[in-house]
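Visitor: The following comprises the amino acid sequence and a computationally predicted model.
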Amino acid sequence: MTSKIPTVKLLSITPNAEALIEEAGCICYGSPPGRAQERIPIWIGMKHESMLEHASATFHITCSRVVSHELVRHRLASFSQRSQRYVDERMSDYYVPPELEEHALSNVPPEYREGLVSAIFRHTLDTAWACYRDLMAEGVPKQIARYVLPNAWLTQLIMTANFREWRHIIKLRASPRAQPEMQEVARAIRDILIAQAPSVFEDLQEN
Ligand SMILES: Cc1cc2nc3c(=O)[nH]c(=O)nc-3n(C[C@H](O)[C@H](O)[C@H](O)COP(=O)(O)OP(=O)(O)OC[C@H]3O[C@@H](n4cnc5c(N)ncnc54)[C@H](O)[C@@H]3O)c2cc1C
């Protein structure tokens, strides 16, 4: 199993993004640029956000298919995702939610509970994996065999969005109401973007 999942890595970001955004905003107001850190949060506070669309960032994300299903709902972002039709899945490439152990089985004596729920979860996924390999050994193509693979299976995607859309995604997906694995992804993206462009993202710190 991959050690730390989900993972988020910044691949690319608009150079001098805050200066570019400020230049776009200054066109609107006919003012000379040079105060990006001060002005951008004010414009965001006024909901004047179109200038944020001139900067964008691209991330490499490794996560479960649960989370990738949710990410691709963001229609203003662009995606390239590892294909289960063309790429062989690898054994044990699945996500085990850390929250599993909070759900101990009430009909099992406490001394036997530790690790039991995770063990059941892993056993189910290993069985699905064995079925996938058996089908392929029988000559079933990957695109058909993959139907037996569960949502916990890992995937990789490249995701690009402009800063306005990243703000929207972070607000929705870093929230405590979002799927816990999704919160991890969104908070990692948020922290990287705060470091890269604080005037645009810092207000989302507590999101
Ligand atoms: C906590 C949570 C629970 C969810 N549960 C479910 C669920 O049970 N079932 C389900 O199907 N989905 C669910 N979703 C997904 C949700 O409905 C959205 O599809 C997803 O969050 C993408 O958000 P969005 O449409 O705002 O953003 P994006 O697609 O990223 O679009 C950004 C913004 O652009 C505008 N926009 C984009 N496209 C259009 C358009 N066609 N028309 C008008 N405006 C547009 C909107 O203002 C939108 O907010 C859930 C999301 C969250 C955060």
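Guide: Here it is on my side, so go on. Nothing here was measured: the structure is a model prediction, and the numbers come from that model. Residues are numbered from 1 along each chain as shown.

Visitor: going forward, measure contacts between C-alpha atoms and count neighbours the same way
Guide: Will do.

Visitor: hang on, M159 is in a helix, isn't it?
Guide: No: in this structure, M159 is strand, not part of a helix, as judged by DSSP: H, G, I helix; E, B strand; the rest coil.

Visitor: Which pLDDT value belongs to it?
Guide: Listed pLDDT for M159 reads 98.

Visitor: Can you give me the neighbour number for it?
Guide: Counted with other C-alpha atoms under 10 Å, the neighbours of M159 add up to 19.

Visitor: Is it correct that K142 is in contact with R133?
Guide: No: here K142 does not reach R133: they are 9.4 Å apart, not a contact under C-alpha atoms under 8 Å.

Visitor: Kindly report the residues of the protein close to the ligand.
Guide: By C-alpha under 6 Å from any ligand atom, the residues of the chain that approach the ligand are R73, H74, R75, L76, L172, R173, R177, A178.

Visitor: most neighbours, which of those?
Guide: R173 leads the residues of the chain next to the ligand on contacts (other C-alpha under 10 Å) with 23 neighbours.

Visitor: I'd say that residue and P180 touch.
Guide: No: between R173 and P180 there is no contact under C-alpha under 8 Å: 9.2 Å.

Visitor: For the chain, which helix extends over the most residues?
Guide: Criterion DSSP state H: the longest helix present in the chain is helix 116-137.

Visitor: following that helix, which helix or strand comes up?
Guide: From helix 116-137 onward toward the C-terminus, using DSSP states H and E, the following helix or strand is helix 142-145.

Visitor: by contact count, what packs against that following helix?
Guide: Applying 3 or more C-alpha pairs under 8 Å, 6 or more residues apart in numbering; DSSP states H and E, one finds that helix 142-145 contacts helix 116-137.

Visitor: need the strands for the chain, in chain order.
Guide: For the chain, applying DSSP state E gives strands covering 7-13, 56-64, 78-81, 154-162.

Visitor: for the ones you listed, which one sits closest to P97?
Guide: With C-alpha to C-alpha as the criterion, P97 lies closest to strand 56-64 of the strands of the chain, at 9.8 Å.

Visitor: Contacts for the closest one, please.
Guide: Contacts with strand 56-64, where a contact means C-alpha atoms under 8 Å, 6 or more residues apart in numbering, come from 5-14, 94-95, 151-163, 181, 185, 189.

Visitor: at 7 Å instead, please
Guide: Residues outside strand 56-64 that contact it (C-alpha atoms under 7 Å, 6 or more residues apart in numbering) are 5-14, 94-95, 151-163.
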